[in-house]
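S.K.: Give me a model of this one.
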Amino acid sequence: MKYLFGILLIIFSFVSYSQQSEFESIVAELQSNLLEVQTGGETYTHEIELLSYSVLKYTLVEVDDKGNREEMIYEFNVADLDPYVVREETKNDIIYLSLTVDNGQKFIKEYENGEAKGYEENMLMVTKNIDNARILKDLIKKAIPLAEKIMTNKLQVETYPEMEDWLEANIVNAESTGKSYNQQMVAQEDFPASVRFIQTVVTSKSSEEKQYIFNLADININSLKFNISGSSFSLDFETKRKQKVIKVLTNGAPDGFDDEIEIFTNNVEEARDLKNILTRVVPLAEDKVEASIQKFESMQTAFDYLAKFTQNINYGDESVEQAIEGNCLVKFNQIESNAKSTTKLTANFNLIDINANLIDYDVSSDRMFVEFTTKESLDLLKMYENDAFDGYDDELKIYAENVEVARRIKAALEDLIKICERDYVDPFADMSLEQKVAWLTDNVQEVRIDDETITQTFERIDNADPDKIKLTKLEVDSKGGQEEIFEFNFTDINPKSIQYKIGSKTLAVSFETKFKEDIIKYYKDGEIENYQDGFELSLADIEVARNLILVFNQIIAELNE
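M.R.: Coordinates of the predicted model:
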């Protein structure tokens, strides 16, 4: 195999050398056919020079009858020219050969008397006469396909390390009118495909350094585009989904996150090569990042990994301390501090309630975070502020230092959710119908909400008939009390109606009869009232509420068999 590869490399090198030699021969012919041109009041001399690969430099010198001299220089890549619009063009007493860049792109760099003027899409070569113009035209048209092949074979880098080395070596300082851009890209060792791009913009009056820390895998290759302004040429790109995952430092100080970068180049060729390499390196970087994200099957290993990346972070004068513990049942603490105050946030939740498909990272107010929400956006996160109960919520943020930490928190959460769903054990699987009803009578208990106390009891109306049940609710607050009694059959309850009912600080499970029939016998403060079509059970613990919904459904199903 190595022998075959060596032979192919030799053949490829020979073909490339042959194409380059043929192209250089055409350039020599072009030079020999650039003849001095005399007009009524001017004399034109010109020459063409091969700069590299298929890039040419065309110099045109005009001298008038008073001896005034004007020099125009055009640098262009023959591979960029549109062969279908290479044509003769007559203006007064000169026949020109007109060359235009394909798709009207401004890729021809123009200089006037040594000063860069900018970039154009078209240039004119002076010819002596129509025959001379036709010769030059044929040579240019012959050179274009050769130039395209030369450019295709130009960058012989194939592996990720080769491309990373190329970026470090070829992102260089650039000059523009009135500005210098000192630039370099350096690979980061902490995480695969992570790089640091340093750009110092220097003018006659100021200097500012920007550092951009990002992952090559996050580049949207469809956003890569050339940006031309006057004599300035750059390559711009955005992140995927325009996510602000590029960490920015200005003059060494953290400056939030961004979603785009502009790399300046000295000419079209540098920008073209940079675009070529970035386009090719991104898929390889994606593979490296994906391979670096650990996959977990063990609860403890996955949770340890999550805890490792749930880190403390400093934001100047502010800080965030974070800690996560547990297994499927999670306790998350987050303490935010500044010079004036400290706020502690605590969240208790079950990972099986989290929607794994909606976990994502984002940025707000210069803070990166991983955000996740519950399934169906149910308020199943029990929240505390400064250790005082603060109600229920459906989303939570874990702050991250950078995108590398964020993507690992996201991956660990996704794996943990799968593990919890996989390992979930039905707590009632081995219980009889009698035991399930007994569980209900034991777990529907007293609930306290601020100054209100709700006492609830389940009891069987007829010990011989497990279908018949009586619920007594006594609500007492500072204004008094109220007793309610509901008598119903399990089999009259619609299983699909059993669901959470959560307020800002209240947790309940609601029930309705089939077809919402008014068939539940109802008493209020000892007086019989109209029949009802439903009732609610107040609870203080989400796990109890979850199990209550589950056991109710199982009891109904067994009684309906």
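
S.K.: burial measure for Val282, as a count.
M.R.: Val282 has 22 neighbours, counted by other CB atoms under 10 Å. Quick note: C-beta positions are derived from backbone N, CA and C, even for glycine.

S.K.: which residues does it contact?
M.R.: Val282 sits next to 216-217, 219, 221 when contact means CB atoms under 8 Å, 6 or more residues apart in numbering.

S.K.: Return the member of the residues you listed nearest to Ser377.
M.R.: Ala217 (30.3 Å; CB to CB).

S.K.: So what touches the strand ranked longest in the chain?
M.R.: Of all segments of type strand in the chain, defined using DSSP state E, the longest is strand 465-477. The contact list for strand 465-477 (CB under 8 Å, 6+ apart) reads 433-434, 437, 444, 451-462, 481-491, 535, 537-538, 555, 559.

S.K.: what about the helices in the stretch 51-200 of the chain?
M.R.: Taking DSSP state H, counting those that start in this stretch as the test, the helices found in the stretch 51-200 of the chain are 130-152, 160-170.

S.K.: how about the shortest one as PDB, C-alpha atoms only?
M.R.: Going back to what we said before, that points to helix 160-170. Output of helix 160-170 as PDB, limited to C-alpha atoms (Å, rounded to 0.1, in the frame of the first residue of the first chain):
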ATOM      1  CA  TYR A 160      -6.100  17.700  10.400                       C
ATOM      2  CA  PRO A 161      -2.600  18.300  11.900                       C
ATOM      3  CA  GLU A 162      -1.300  19.500   8.500                       C
ATOM      4  CA  MET A 163      -4.200  22.000   8.200                       C
ATOM      5  CA  GLU A 164      -3.700  23.200  11.700                       C
ATOM      6  CA  ASP A 165       0.000  23.700  11.000                       C
ATOM      7  CA  TRP A 166      -0.900  25.500   7.800                       C
ATOM      8  CA  LEU A 167      -3.200  27.900   9.600                       C
ATOM      9  CA  GLU A 168      -0.600  28.700  12.200                       C
ATOM     10  CA  ALA A 169       2.000  29.400   9.500                       C
ATOM     11  CA  ASN A 170      -0.200  31.300   7.000                       C
END
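
S.K.: Go through that helix and flag the buried ones.
M.R.: 160, 163-164, 166-167 (16 or more other CB atoms under 10 Å).

S.K.: With the longest one instead?
M.R.: Of the residues in helix 130-152, those with enough neighbours to count as buried (16+ other CB under 10 Å) are 132-133, 135-137, 139-140, 143-144, 146-151.

S.K.: what does that helix contact?
M.R.: Contacts of helix 130-152 (CB under 8 Å, 6+ apart): 16, 19-20, 22-23, 26-27, 29-30, 33-35, 53-54, 77-79, 81, 83, 86-88, 95-97, 99, 125, 127, 272.

S.K.: For PyMOL, write a command that selects the buried ones of these.
M.R.: In PyMOL, this line selects whichever of the contacts of helix 130-152 come out buried by 16+ other CB under 10 Å:
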select buried, resi 16+19+20+23+26+27+30+33+34+35+53+54+77+78+79+81+86+95+96+97+99+125+127+272
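
S.K.: For this protein, which residues score under the pLDDT cut-off?
M.R.: By pLDDT under 70, the weakly predicted segments of the chain are 1-16.

S.K.: can you pull out the helices in it?
M.R.: In the chain, the helices defined using DSSP state H lie at 2-32, 130-152, 160-170, 268-292, 299-309, 403-423, 433-443, 542-560.

S.K.: Could you report the distance from Gln311 to Ala400?
M.R.: 8 Å (CB to CB, to the nearest Å).

S.K.: how near is the residue nearest to Ala217 when sequence neighbours are not counted to Glu164?
M.R.: Of all residues not flanking Ala217 in the chain, Ala285 sits nearest, at 4.0 Å (CB to CB, 6 or more residues apart in numbering). As judged by CB to CB, Ala285 and Glu164 stand 9 Å apart.

S.K.: same question, Phe332
M.R.: Going from Phe332 to Glu164 by CB to CB gives 37 Å.

S.K.: Kindly report the same for Lys418.
M.R.: Separation of Lys418 from Glu164 (CB to CB): 33 Å.

S.K.: Count the neighbours of the closest residue to Leu51 other than its chain neighbours for me.
M.R.: Distance criterion CB to CB, 6+ apart; nearest residue to Leu51, sequence neighbours excluded, is Lys57 at 5.3 Å. For Lys57, the neighbour count with other CB under 10 Å is 15.

S.K.: ok, now which ones touch Lys57?
M.R.: By CB under 8 Å, 6+ apart, the contact set of Lys57 is 48-51, 73-75.

S.K.: swap in Lys117?
M.R.: 110-111, 231.

S.K.: so which of those residues would you say is closest to Val61?
M.R.: Of all the contacts of Lys117, the one with the least separation from Val61 (CB to CB) is Tyr111, at 12.2 Å.

S.K.: Quick check: bridge partners of that closest one?
M.R.: Ile73, Ala116 (DSSP bridges).

S.K.: Next one: it relative to Tyr74, how far apart?
M.R.: Distance of Tyr111 to Tyr74, given as CB to CB: 8 Å.

S.K.: Neighbour count for the two, which is higher?
M.R.: Tyr74 (20 against 17).

S.K.: quick one: contacts for the more buried one?
M.R.: Tyr74 makes contact with 57-58, 60, 108-111, 123, according to CB under 8 Å, 6+ apart.
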